[in-house]
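A.B. asks: no FASTA, just this:
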C-alpha cells in the first residue's frame, strides 16, 4: 500500500465496505505523506437480476453442483438492481471511486442490461 | 426445514401425525448440523412450543448467526376454513387448542430475544450478508446522488459462441451500458478461483489491443499486470502502443504475479523476479510517471518517450538489475 500510494494513480482493495474503508484510509494516509492523491478501486464478482425470483434462478443455474445455494449467492453477491445500487453506494461511502464488476454470468452480453441500471443510478 | 415434509419422509405422508415425534427428532438434528456449518436455515413449522423456539435461538447464537421469528397471524376463522378444505383434517379440538394458545405466543415473541420479529404484512427476503443494509444505502443514493466510475472485469473467455464475436458484443454492450473502463487479467492460464486451467484464456495485452480497436470511450487495462512477465521497458512500450488504436484513456495495473511454481514454469520463466519491489518501482516509473504522470483515471500513455525510446527497451532487463 505504501508503494501504491507513492507511485500508483489508483490502488485496488478487496473486502466488505468496512474493510475497504479501513484500507482506503491507509492508502490515503500514505499518499498524503508522499504529497499525492491516490484513487481507490474495488473489484468483486457480482450477479444481478431484476427481482429475487430471477436472481435465485440465475444463482441456481450458475452454482457448482455441490455448492450450497446460499453460500454461492453470497460469494457472487447475488442480488437485485436495487441491492447493487445500495452496495455500490456503501463502497462509494467507504472511499471507492471506481467499482470494478466481474459479472458471474458473463457468457454473453445479457448481464449488461441489468448492470446499465446500476450504473445509471450513479450518473 | 419443514416439519410436514419430514413427516412425509419418515412416515406415510405430510399429515401422518403418528410420525411427528420422529419427524421432529430429525428436524432438530438437521437444524443443529446446518447451523454448525453457519448455513441459512429456515424452519417451517407450527412453532407454538416455546422450548423448541428457545433451543433454535440458542443454536443460532452458538453459531454466531442472527435468528429471526416470522409470525403468520392468520385469523382463527381462516384457519378453520382451510382445515375444512384439507383431505385429512386436524381434529377440531386440536385446532381450537392451537388457535387459543396463539395470541399469547404472538404477544410474547418480542420478549424472547430474537433479532427481529416479523409479522403479517411484511415481506421477508433472504439476501447475502453484503445486502443486509443495502436498501438504506440505495435510498441515500436516491436522495443525495453521487457519481461513481464503473469498470467491467472480463476474467473468463468461455462463451457459447465464437470468442471474438462474443467479446465484441460484450464490450459494445458494456460501452452502451455506461462502463468507464474494461479490464482483463494478466495470467498465463485460467486461475482456480474462476475456472479450469485448461479453459481458453487470452493473453492480456494482445486482447486489450484488439479491444482498443473496437471501443471508443472506455479506458482499458490489465487488473493487474504481472510485472515480471515482460521486460518492464518493453511493457511500457506495449502500454504506450495500446493508446494508439483509439484516443481513449488507457491505464495499466501493476502487481506481483502469483508465486505458484507450476504457473511460472509453464510460461518458460525460470524463476520469479527476486526483487519484486524494485521491479514494481521500475514498472511504475516506466508506465506511470515516466509516461506522462497525470492523475488516474485518464492516465494518457501517449508519452513521447516510450513509443520511440528503443534504447531503454533494448537495454533494460529486470532480472539483471
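C.D. replies: Perfect, I can see it now. Small disclaimer: the values here were computed from a predicted structure and weren't measured. Residues are numbered from 1 along each chain as shown, chains lettered A, B, ... in the order given.
A.B. asks: next up, the contacts around residue A:86.
C.D. replies: B:131, B:133-138, B:141 (Cβ atoms under 8 Å, 6 or more residues apart in numbering or on different chains). Bear in mind the C-beta positions are built from the backbone N, C-alpha and C, glycine included.
A.B. asks: and chain A, which of the residues you listed contact it?
C.D. replies: B:131, B:133-138, B:141 (Cβ under 8 Å from any Cβ of the partner chain).
A.B. asks: and the strands in the chain?
C.D. replies: Picked chain A for this. All strands of chain A, identified by DSSP state E, fall at A:10-12, A:39-49, A:78-80, A:98-103.
A.B. asks: right idea, wrong chain: chain B
C.D. replies: So, for chain B - with DSSP E - the strands run B:68-70, B:116-118, B:149-154, B:181-184, B:219-222, B:225-226, B:254-255.
A.B. asks: okay if I get the ones you listed as TSV plus distance to residue A:70?
C.D. replies: Formatted as TSV, these follow (distance: least, Cβ to Cβ, whole Å):
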stretch	distance to residue A:70
strand B:68-70	15
strand B:116-118	18
strand B:149-154	24
strand B:181-184	29
strand B:219-222	33
strand B:225-226	35
strand B:254-255	32
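A.B. asks: so which of the ones you listed is nearest chain A?
C.D. replies: Distance to chain A, taken as Cβ to the nearest Cβ, is lowest for strand B:149-154 among these, at 3.8 Å.
A.B. asks: counting by contacts, list what that closest one packs against.
C.D. replies: Packing partners of strand B:149-154 (3 or more Cβ pairs under 8 Å, 6 or more residues apart in numbering or on different chains; DSSP states H and E): strand A:39-49, strand A:98-103, helix A:112-120, helix B:163-177, strand B:181-184.
A.B. asks: hmm, try it at 10 Å
C.D. replies: Helices and strands touching strand B:149-154, by 3 or more Cβ pairs under 10 Å, 6 or more residues apart in numbering or on different chains; DSSP states H and E, are strand A:39-49, strand A:98-103, helix A:112-120, helix B:163-177, strand B:181-184, strand B:219-222.
A.B. asks: and the fifth one, how far out from the chain middle?
C.D. replies: It refers to strand B:181-184. Distance of strand B:181-184 from the chain centroid (Cα atoms, centre = their mean, to the nearest Å) equals 18 Å.
A.B. asks: swap in the second one?
C.D. replies: A distance of 5 Å separates the C-alpha centroid of strand A:98-103 from that of its chain, computed with Cα atoms, centre = their mean.
A.B. asks: check contacts around the residue nearest to the spatial centre of chain A.
C.D. replies: For chain A, the residue lying nearest the average C-alpha position, counting by Cα atoms, centre = their mean, turns out to be residue A:44 (4.2 Å). When contacts are counted by Cβ atoms under 10 Å, 6 or more residues apart in numbering or on different chains, residue A:44 is found next to A:14-16, A:20, A:75-77, A:87, A:91, A:99-102, B:130, B:153.
A.B. asks: what's the nearest residue to the residue in the stretch 1-150 of chain B that chain A sits nearest to if we skip its chain neighbours?
C.D. replies: Closest to chain A within the stretch 1-150 of chain B is residue B:134: 2.9 Å, counting by Cβ to the nearest Cβ. Spatial nearest neighbour of residue B:134, chain neighbours left out: residue A:86 (2.9 Å); criterion: Cβ to Cβ, 6 or more residues apart in numbering or on different chains.
A.B. asks: cool, residue B:106 as well?
C.D. replies: Computed as Cβ to Cβ, 6+ apart, the closest residue to residue B:106 that is not its neighbour in sequence is residue B:71, at 5.6 Å.
A.B. asks: contact partners for that neighbour?
C.D. replies: Here residue B:71 is in contact with B:47, B:102, B:105-106, B:109-110, B:117-120, B:122 (criterion: Cβ under 10 Å, 6+ apart).
A.B. asks: ok, how many other residues are close to residue B:16?
C.D. replies: Residue B:16: 16 surrounding residues under other Cβ atoms under 10 Å in any protein chain shown.
A.B. asks: contact partners for the closest residue to residue B:147 other than its chain neighbours?
C.D. replies: Spatial nearest neighbour of residue B:147, chain neighbours left out: residue A:122 (5.8 Å); criterion: Cβ to Cβ, 6+ apart. Residues in contact with residue A:122, defined by Cβ under 10 Å, 6+ apart, are A:85, A:88-89, A:92, A:99, B:141, B:145-150, B:178.
A.B. asks: from the residues you listed, keep the buried residues only.
C.D. replies: A:85, A:88-89, A:92, A:99, B:141, B:148-150, B:178 (16 or more other Cβ atoms under 10 Å in any protein chain shown).
A.B. asks: reformat the residues you listed as a markdown table; add pLDDT and distance to residue A:34.
C.D. replies: What follows is the buried ones among the contacts of residue A:122, written out as a markdown table (pLDDT from 0 to 100; distance: Cβ to Cβ, whole Å):
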| residue | pLDDT | distance to residue A:34 |
| --- | --- | --- |
| A:85 | 98 | 34 |
| A:88 | 98 | 29 |
| A:89 | 98 | 29 |
| A:92 | 97 | 24 |
| A:99 | 97 | 25 |
| B:141 | 97 | 32 |
| B:148 | 97 | 25 |
| B:149 | 95 | 23 |
| B:150 | 97 | 28 |
| B:178 | 96 | 33 |
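A.B. asks: among those, which one sits closest to residue B:239?
C.D. replies: Relative to residue B:239, the closest of the buried ones among the contacts of residue A:122 is residue B:149; by Cβ to Cβ it sits at 19.7 Å.
A.B. asks: how far away is that closest one from residue A:53?
C.D. replies: Separation of residue B:149 from residue A:53 (Cβ to Cβ, to the nearest Å): 31 Å.
A.B. asks: same check on residue B:233?
C.D. replies: The gap separating residue B:233 from residue A:53 is 54 Å, by Cβ to Cβ.
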